[in-house]
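[1] next input, structure requested:
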Amino acid sequence: MKDSLRDGGSVPQVIALWSAPRSRSTAFLRMMMGRDDVVALHEPFSRLADFGSAEIGDRVVRSEAELIAAIREMGAKSSLFFKDTTDFRYPGVLEDQEFLREVCHTFIIRDPIEVIASHYALNPELRLEEVGFARLQEIYLAVAQTRGAEPVVVDSDDLIDRPADTVRAYCERVGLPFDPTALSWSPGMPAEWRLTARWHQDASATDGFVKSTKTYADTVGNNSLLAEYYREELPFYTYLYERRLKLLPTPAQP
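    Numbering: from 1, shown residues only. The predicted structure is shown next:
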């Protein structure tokens, strides 16, 4: 089975991008927001888990079942892309075999050394399960088992180092045309990010996929709690990293 637009792109589809927090997924979403052939949603499941409700189009939903129904309804009218983060667990997603099978579920990963330091800087009360790699792998395995094929995993370092090649390969796998104009955008905080704005300051300040050079007071190297989180989460990250989208080597320059 290959992830792609159904019927060669003749009908809409739903594409999901799952991510541990602080893995550059918001920048990926920002790129998708610049396309005119998909509707892009920002973290509907985590918003529901965090605030008790989420707005999907002109609907307010208050349960995962309602949210999944709203996503299906929107995806029947136009191609839909949403990204979400695994600082929460989503039992409704994991239990809905049709949703796991029908949606083109994809994943993005980042080195947990960077993820953990960045997450802890924003949330000093960070708990192990909120780091998110175990939950990310849980969704990955559920999708792979239900669909009978391994989903697409994007390494966000590839996205930074080779954005055009990475996005082109991603689009080929999910059945979207590659749009190079979407690789750059105007900086700014979209309205749908403002409720959780402090988490999106980096993405809102960029105009494309760029590598940040932030330093953090607490890291895996100097904080024993974060070091423990790293040891616990590393196997889940490694599993997904080994299944990442492989890019062709860059041609040698003459």
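[2] ok, the nearest residue to Ser23 once chain neighbours are set aside to Pro91 distance?
    Once flanking residues are discounted, Ser23 sits nearest to Arg110: 3.9 Å by C-beta to C-beta, 6 or more residues apart in numbering. Backbone N, C-alpha and C define where each C-beta goes, glycine included. For Arg110, the distance to Pro91 (C-beta to C-beta, to the nearest Å) stands at 25 Å.
[3] which one of the two has more residues nearby?
    Arg110 (24 against 9; other C-beta atoms under 10 Å).
[4] tell me who's in contact with the more buried one.
    Ala20, Arg22, Ser23, Arg24, Asp155, Ser156, Asp157 (C-beta atoms under 8 Å, 6 or more residues apart in numbering).
[5] can you give me the buried ones in the lowest-mean-pLDDT helix or strand in the chain?
    When each helix and strand of the chain is scored by mean pLDDT, DSSP states H and E, helix 201-204 comes last, with a mean of 80. Buried residues in helix 201-204, counted by 16 or more other C-beta atoms under 10 Å: Ala203, Ser204.
[6] and for it, what are the contacting residues?
    Arg24, Thr26, Ala27, Arg30, Pro187, Gly188, Met189, Pro190, Trp193, Ala197, Ser212, Lys214.
[7] following element in sequence after it, please.
    helix 224-241 (DSSP states H and E).
[8] that next one: how far from the chain's middle?
    18 Å (C-alpha atoms, centre = their mean, to the nearest Å).
[9] packing partners for that helix?
    Judged by 3 or more C-beta pairs under 8 Å, 6 or more residues apart in numbering; DSSP states H and E, helix 224-241 is in contact with strand 104-109, helix 112-122, helix 128-131, helix 133-147, strand 152-155.
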